[in-house]
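*Asks:* I need the structure of the sequence given here:
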Amino acid sequence: MSTSLSPALIRVLDALRCPVCEGPLRVDASSLRCPAGHTFDIAHQGYVSLLGGRRATSGDDADMVRARERFLGTGAYDPISSAVAALVQEAYLDRGGRDDEGATSDLVLDVGCGTGRHLAAVLDAVPGAWGLGLDTSTRALRSAVRAHPHLAGATSDVFRDFPVRDHAVAALLDIFAPRNPGEFRRVLRTDGVLVVVRPTSSHLRELRAEVQGMVGVDPEKEERLGAALDPYFTELGTRRVDFTLDLPRERARDLVSMTPSARHLDASHVGDSGHLPRSVTVSVLVSSYRPG
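*Replies:* Modelled structure (predicted):
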């Protein structure tokens, strides 16, 4: 099947690097190729495979992605997207999109982008910006590259070096995703911004009380986050986003199915006993950081 290179992938190409030898990448038919000859396929859906032949350490399966599409498609988490977009606007827009070498640099990188909904909201809020979503799940990337015309996608593993050149990124998003602070610092511009979203202990508390086996929130999460980021970043500020979400049974099943809990729960039986909350608390912290 022929592959048509998306405008978004063309636009972010200069920010990419070969995951094997770190060389620049250029288009070669339906692939990207570096000067050393390493070649990476562009899927017909539009994302590029940049795992370099290595297996990913994790990734959402098709059922998890479908649940995420249904749940986020209701707009349930849009207040979180709005908070992220506002922090990116505040920290980045007024700097004019220029990197240290004077070249245009308007790339927003979302690590663990999932279906791309949060990144798309940021791109809507930052005119002229382009987005790159990294994820290990090819199923998620198929959705992500459709989420916004300025959004490109690539397979990559957060626990390994990113296929992105040094200081190429103006804003980096980490939303309910694992973190790699050293790589975050390497790819960010010196005036770039990192935005991190994570749950508080109140997040989905009513659902976790009724569904046995749901993954809880580590009480030492904030201390561990600070210890991980402090060597690389300085915190600019934190916003707490709290709201109540109506939770019909099917939406509850999707919410459980899109979380890490889905790996050891059968969400199809969530609520069979009849004990499900009619609403849940959504509670997250949204923080912004500058490279230290």
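
*Asks:* which ones are touching the residue most central in space within the chain?
*Replies:* Centroid-nearest residue in the chain: C113, 2.6 Å away (criterion: C-alpha atoms, centre = their mean). Taking C-beta atoms under 8 Å, 6 or more residues apart in numbering as the criterion, C113 is in contact with 119, 133-135, 140-141, 144, 153, 173. Quick note: C-beta positions are derived from backbone N, CA and C, even for glycine.

*Asks:* With E210 instead?
*Replies:* 275-277.

*Asks:* how about a cut-off of 6 Å?
*Replies:* 275-276 (C-beta atoms under 6 Å, 6 or more residues apart in numbering).

*Asks:* Please state the backbone phi and psi of it?
*Replies:* Main-chain torsions, E210, degrees, to the nearest 10: phi -100, psi -20.

*Asks:* just the one 10 residues further on next, same as before
*Replies:* Main-chain dihedrals, E220, degrees, to the nearest 10: phi -100, psi 20.

*Asks:* State the distance from the residue nearest to the centre of the chain to V169.
*Replies:* Note on C113: its distance to V169, by C-beta to C-beta, to the nearest Å, is 13 Å.

*Asks:* How about S143?
*Replies:* 22 Å.

*Asks:* Which one of the two is surrounded by more residues?
*Replies:* Remark: of S143 and V169, V169 carries more neighbours, 27 against 24, as counted by other C-beta atoms under 10 Å.

*Asks:* residues touching the more buried one, list them.
*Replies:* V169 sits next to 107, 109, 187-188, 192 when contact means C-beta under 6 Å, 6+ apart.

*Asks:* If it is in a bridge, with which residues?
*Replies:* L188 (DSSP bridges).

*Asks:* Just the pLDDT for it.
*Replies:* Listed pLDDT for V169 reads 96.

*Asks:* for the one 5 residues further on, same thing?
*Replies:* Confidence per residue is given as pLDDT, and for D174 that number is 98.

*Asks:* I am finished for the moment; much appreciated.
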